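Asker: Task: produce atomic coordinates for the following.
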Amino acid sequence: MAVGGATRLGIGPGGSLYGIVRTSLMPNWEMWPIEWADGAFVLHNWINTLYIPPLQTPGLPAEAARASWPDDARIQPGLNILIGPETTTYDFAWYHCGASTPITFPEGIQADLYVRRGGVSDSITATVALGGGGVSTSLYSYTTTLKSFRATFCDNLPWHTDIAGDLDLPWPADVVVPLTDMRLDAKGCVASSAVREAPLTLGYWQTTLHPTAAEFRPHDAPPPTHLLWLLGKVDVPHLSTSPTVGSELEPIPLETSLMPDGTFNAFHLVYDQAHYGFDGFDFLLSEVRLNDWTRTAVEPPEWQAAATLAKPPLCGDDPFDRGSRGFVALAGNLVVPYFGTLEGPSTARPELRVLGWDDYVGFTERPKAKRVWDLLVAEHPYDFDLVYAHHHTLHTGIFVDFRQDDFTVVNFDSAAVVSPTQTGIYLGLSSGTAALRALAETTITPLPAALEDPLRSTMVQQWVPKIWNNPSLGEKYVAVLEQIWDDAYHFTATTAQINGLGEDIPDEPEGGRTADCLHLVRGPQPEEEPMDRAHRSPELRDQPQRRLHPLRQEHRHSGGRLRRGQWRCHPVAESGAKTPGRRRDLVRSELRSDGDQAGRSGLRRRGGHRLPGRVGGRRLRWGAVGWGVPGRRRDAECDARGDGLCRSAG
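Answerer: From the prediction side, this is the model:
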């Protein structure tokens, strides 16, 4: 509303009127203001120009009404407000979203506005010096410095804007968000903005955002009335858009909400795919968040140190210590070959704790891989409490664990080595030996030519206590590994390395009387693979090509169920060649996965072997793939008889 009067109006051609209208003073001696956009913009101006178009025109009167005054193209039909270098203004204010404190522009404005019955139209531009400090203000309690302001209106509504500014988020976020094109709603409130494309690294969490736009969305629990949401992508540590080993980490689509004090509010996951990659493993991501930070305390990671091979880094607990660091919490299904989704001892899925400033991977509980095997007439839960080791260079890692089973008819050690592409279950002497070698290859580069300190001490003092409940047993496997160690072979060739010892294959550990592995691979694989020359044992390196894995399982997925597949033992040497040391009791067996009972599998013996029991008062022990009596040698008669009483591979 504005009140004013003119002392003189001129009559022009066709009945047009032109004159100067001065704004009247209110009782408090202030000028009547012009307000628009629901009171968001308020202008006090002393001198206004009135122009009423001609009433009589050669053509339609509307055509003349759309035209400007012939003597000054800036004068439009209506009450004109022209503010520029030659004119003065008392004040212009922007009451952002009903704020009690207005935004003003002390360096002045330029305006070319006209007021009609429909409202205020045209443009207004604030003077903000380039390179200056800008105009400090607050948008929804977010500290902001305006760098430019220009807005056009049509009948009171914001039509087009060119408003830019820097939104400052203090510690713990410690970033400045460059808003480049703020857009206003009908009430003059900033609704959204483009963001200059530049990575923003959150100070406390060291997590990088890649926003392209910003929105201010209503807050359910004000104040503030609206919250900042940054739209774009986020670098989530260890996470990629492809579950493929060796894939470069890529930012994933996330909407990030931060509070005016710089604390984290929420992530919204923008689902554009079901599977993500976590260090190459399949990961069904369901939630991402940053840990809580307040002025009095920070949320601790509460990770289980026993779940990770590496030593946990120190995050710090002082909220205002710039050396303190936060973490990213991930929830979802981490899927590994053969075992499927990893579980926790007390929860269905342990949460992951990852860091933007360290490669460490933490778990709220030690992950567990579970299956159920049918052994003769009993069901045997076959599970591993896994330990995670991150690769020294690549974005990948492995899970490992060792277990020892001692039943009436079964006594064997086993270890699992789980990578993103395959799961290897190693039995007997190969069990702990392969697990330790896999950890060394994953975390150490380059590998030493001999297993000696400091690597040997690291195994005994740090790795063994995490994997073995009985550290003295683990130390025995370190001793076995020391015998076969060189820097050339791959851990999957552990059995071949042990066989290379010949008659020197050790009888200890007690549960390691066999040397073989069951290898489960993801996806179709060839039944036989050549052994890489560098991965052969020294005794076999120059011999004819041999099988890489004495026991291989082709493991296929179909609609979430496992197809029945055969695994077969392959001799270490080609037919007719002599194998150093003891030969294997090679029998055919079957790993059967019951499709109608998810997560269960059965291990059946084939080949006409006698049921296990006792022979000569001695208990039969589980061999690599068959039953045998310790101490009995295989010979031609034993081969011909095929009664299952021959000693297996060690």
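Asker: Pull out the buried residues from stretch 74-81.
Answerer: Neighbour counts over stretch 74-81 (16 or more other C-beta atoms under 10 Å) mark 75, 76, 77, 78, 79, 80, 81 as buried. Heads up, the C-betas are built off the backbone N, CA and C, glycines and all.
Asker: Most widely separated two among those residues?
Answerer: Using C-beta to C-beta, the two most remote members of the buried residues of stretch 74-81 are 77 and 81, lying 13.7 Å apart.
Asker: what sits in contact with each of the two?
Answerer: residue 114 (C-beta atoms under 8 Å, 6 or more residues apart in numbering).
Asker: Rebuild the buried residues of stretch 74-81 as TSV, extending it with secondary structure, pLDDT and distance to residue 124.
Answerer: Converted to TSV, the buried residues of stretch 74-81 look like this (DSSP: H, G, I helix; E, B strand; the rest coil; pLDDT from 0 to 100; distance: C-beta to C-beta, whole Å):
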residue	secondary structure	pLDDT	distance to residue 124
75	coil	87	17
76	coil	86	14
77	coil	89	19
78	strand	89	15
79	strand	91	15
80	strand	91	13
81	strand	90	9
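Asker: Kindly reformat those as a markdown table containing distance to residue 165.
Answerer: Below are the buried residues of stretch 74-81 laid out as a markdown table (distance: C-beta to C-beta, whole Å):
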| residue | distance to residue 165 |
| --- | --- |
| 75 | 33 |
| 76 | 30 |
| 77 | 35 |
| 78 | 32 |
| 79 | 31 |
| 80 | 30 |
| 81 | 25 |
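Asker: nearest to residue 391, of the residues you listed?
Answerer: Checking these against residue 391 with C-beta to C-beta, the nearest one is residue 81 at 67.8 Å.
Asker: ok, now how distant is that closest one from residue 160?
Answerer: Residue 81 sits 19 Å away from residue 160, taking C-beta to C-beta, to the nearest Å as the criterion.
Asker: Please tell me I have it right and residue 287 contacts residue 349.
Answerer: No: with contacts defined as C-beta atoms under 8 Å, residue 287 does not count as touching residue 349, sitting 10.6 Å away.
Asker: who has more neighbours, these two?
Answerer: A count of neighbours by other C-beta atoms under 10 Å puts residue 349 above the other of residue 287 and residue 349, at 18 against 11.
Asker: can you pull the contacts of the more buried one?
Answerer: Residue 349 is in contact with 331, 332, 333, 334, 341, 342, 343, counting by C-beta under 8 Å, 6+ apart.
Asker: Return every residue with contacts to both of residue 287 and residue 349.
Answerer: Residues touching both residue 287 and residue 349 by C-beta under 8 Å, 6+ apart: 331, 332.
Asker: Give me the distance between residue 181 and residue 188.
Answerer: 16 Å.
Asker: quick one, which of these two is more surrounded?
Answerer: Each of residue 181 and residue 188 has its neighbours counted (other C-beta under 10 Å); residue 188 has more, 22 against 15.
Asker: And residue 644, what's its pLDDT?
Answerer: In this model, residue 644 is scored at 35, pLDDT.
Asker: Do a quick rundown of the strands in the stretch 251-400 of the chain.
Answerer: 252-258, 264-269, 276-278, 281-290, 328-336, 340-341, 352-354, 361-363, 368-375, 378-385, 387-390, 397-406 (DSSP state E, counting those that start in this stretch).
Asker: Turn the ones you listed into CSV, columns for mean pLDDT and distance to residue 424.
Answerer: Converted to CSV, these look like this (pLDDT from 0 to 100; distance: least, C-beta to C-beta, whole Å):
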stretch, mean pLDDT, distance to residue 424
strand 252-258, 95, 30
strand 264-269, 95, 33
strand 276-278, 92, 20
strand 281-290, 94, 15
strand 328-336, 95, 12
strand 340-341, 93, 16
strand 352-354, 97, 23
strand 361-363, 97, 20
strand 368-375, 81, 12
strand 378-385, 82, 12
strand 387-390, 97, 14
strand 397-406, 90, 10
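Asker: can you tell which of those strands is closest to residue 314?
Answerer: strand 361-363 (12.5 Å).
Asker: what's in contact with the closest one?
Answerer: With C-beta under 8 Å, 6+ apart, strand 361-363 has contacts from 238, 279, 301, 303-304, 307-308, 312, 327, 344, 350-354, 388, 390, 397.
Asker: Just the endpoints, please. Distance across stretch 461-479?
Answerer: The first and final residues of stretch 461-479 sit 14 Å from each other (C-alpha to C-alpha, to the nearest Å).
Asker: Any buried residues in the longest strand along the chain, and which?
Answerer: Ranked by number of residues, the top strand in the chain under DSSP state E is strand 207-218. Neighbour counts over strand 207-218 (16+ other C-beta under 10 Å) mark 207, 208, 209, 210, 211, 213, 214, 215, 216 as buried.
Asker: try stretch 484-498
Answerer: 484-485, 488-498.
Asker: Same check on stretch 261-280?
Answerer: 261, 262, 263, 264, 267, 269, 276, 277, 278, 279, 280.
Asker: so which of these would you say is closest to residue 294?
Answerer: If you rank those by distance to residue 294 using C-beta to C-beta, residue 263 comes first, at 7.3 Å.
Asker: How about the closest one: what's its closest non-neighbour residue?
Answerer: Nearest residue to residue 263 in three dimensions, chain neighbours excluded: residue 293, at 5.5 Å (C-beta to C-beta, 6 or more residues apart in numbering).
Asker: ok, which stretches of the chain are helices?
Answerer: 61-65, 429-443, 455-458, 464-467, 471-484, 494-499, 636-641 (DSSP state H).
Asker: These: which one's closest to residue 195?
Answerer: helix 429-443 (39.4 Å).
Asker: Which residues are in contact with residue 288?
Answerer: If you count contacts by C-beta under 8 Å, 6+ apart, residue 288 has them with 234, 236, 254, 267, 269, 328, 329, 330, 331.
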